[in-house]
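Colleague: The sequence and its predicted three-dimensional model are supplied below.
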Amino acid sequence: MKLECLTDGVYYIPGRTNIGVIQCGDKEVVLVDTGIDSGSGNRILRLLEKHGFKPVAIINTHFHTDHCGGNRTLKDKVRVKTYASGVAATVIRYPFINSFSLFSGVYPVKDLMNKFIMAEPSDVDIEIEEGDLKIGDAMIKIIPLPGHAPGQIGIVADDVFFCGDAVFAPEIIKKVGVPFNVDIKSEKETLNFLKNTRFSFYVPSHGEPVEDIGFYVSENFKQIDKIEEIILDFLKKEASSEEVVNFVLREVGLKVKAVHHYFLIHAGILAYLSYLRNDGLISLKIENRPLWKRK
């Protein structure tokens, strides 16, 4: 782990999930997200201590485990205050909700009760909404970024925009094939919003920081459009949800073996089916299973 400077007083820690670091006092800092588990929390703490910094607060962009998994360790060791949106706060406190939601709202298989889906539960001290937030000397702006996850927010400090998973770097899109979004309509609106913003730096949670977000936005739109086209083409004939998922995986070149990975992909593709159905482009009927078809 290393600490990279973006502006005077705003840094980030590159990793599988980028961590924001905002100076809010002489040696005090606010963290934006905390990584996937206690190991992440410990590594962040050691790195900050090496640079003479002490975390006093965490702002979570959303409730997915790779963003809040280190919260518990940091709260236990240095008594940080945690900030999150109301929706995110609920799941951070009760992370089993993640596993239940991926398994149709019922008690899930044990394969969905691991660190990739369920973070260690931890408290959220302050639930936040859109607007200005002052922590110590730091002036921070909270911006809603719906689409990827309910209650996702972006954090702006000193003209640096930590934008969570609202946008993925192109190399991440290529790797995952189906970027996870729960609400395709809202994700498109968020991408359009990002396209029209101007900040000195944009820091996605997955990928390199950039000064111009335009290319990242266009690549995310391209992949969303590609997946829509794959689904609509396949649904020229009637098909079940599982058949749609299997076809999309083949078309994007993914071979899924892990249980938790499959259920994440399955949920992500259901989001497309919901979007297309609600937009009037496909029909849905039930014959002992859901059957979809292009209109």
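Modeller: Thanks, I have it.
Colleague: Setting the sequence-adjacent residues aside, check what's closest to the most centrally placed residue in the chain.
Modeller: What sits nearest the mean C-alpha location of the chain, by CA atoms, centre = their mean, is residue 165, with 3.7 Å. Distance criterion CB to CB, 6 or more residues apart in numbering; nearest residue to residue 165, sequence neighbours excluded, is residue 148 at 4.3 Å. Any C-beta I mention is one placed from the backbone N, CA and C, and that applies to glycine too.
Colleague: Look at the one you found and say how many residues are nearby.
Modeller: Using other CB atoms under 10 Å, residue 148 has 25 other residues around it.
Colleague: Quick check: it vs residue 167, distance?
Modeller: 9 Å (CB to CB, to the nearest Å).
Colleague: again, but for residue 265
Modeller: Residue 265 is 19 Å from residue 167, by CB to CB.
Colleague: Those two: who's more crowded?
Modeller: residue 167 (30 against 20).
Colleague: who touches the more buried one in this structure?
Modeller: 191, 194, 202, 204, 213, 216, 217, 220 (CB atoms under 8 Å, 6 or more residues apart in numbering).
Colleague: can you give me the helices for the stretch 51-200 of the chain?
Modeller: 65-68, 71-78, 86-93, 96-102, 170-176, 184-195 (DSSP state H, counting those that start in this stretch).
Colleague: Quick one: distance of stretch 1-15 to the chain centre.
Modeller: 20 Å (CA atoms, centre = their mean, to the nearest Å).
Colleague: May I see the buried residues of it?
Modeller: Neighbour-count burial for stretch 1-15 flags 3, 6, 9, 10, 11, 12, 13, 15 (criterion: 16 or more other CB atoms under 10 Å).
Colleague: quick one, strands of the stretch 101-250 of the chain?
Modeller: Taking DSSP state E, counting those that start in this stretch as the test, the strands found in the stretch 101-250 of the chain are 126-128, 131-135, 138-144, 153-157, 160-162, 201-203, 239-240.
Colleague: any chance of those strands in TSV, with mean pLDDT and mean neighbour count too?
Modeller: Converted to TSV, the strands of the stretch 101-250 of the chain look like this (pLDDT from 0 to 100; neighbours: other CB atoms under 10 Å):
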stretch	mean pLDDT	mean neighbour count
strand 126-128	98	16
strand 131-135	98	13
strand 138-144	98	18
strand 153-157	98	25
strand 160-162	98	26
strand 201-203	98	23
strand 239-240	98	16
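Colleague: Now render the ones you listed as TSV, adding distance to residue 54.
Modeller: Below are the strands of the stretch 101-250 of the chain laid out as TSV (distance: least, CB to CB, whole Å):
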stretch	distance to residue 54
strand 126-128	19
strand 131-135	13
strand 138-144	14
strand 153-157	17
strand 160-162	20
strand 201-203	22
strand 239-240	54
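Colleague: Mind checking those for the one nearest to residue 88?
Modeller: Residue 88 lies closest, by CB to CB, to one member of the strands of the stretch 101-250 of the chain: strand 153-157, at 7.6 Å.
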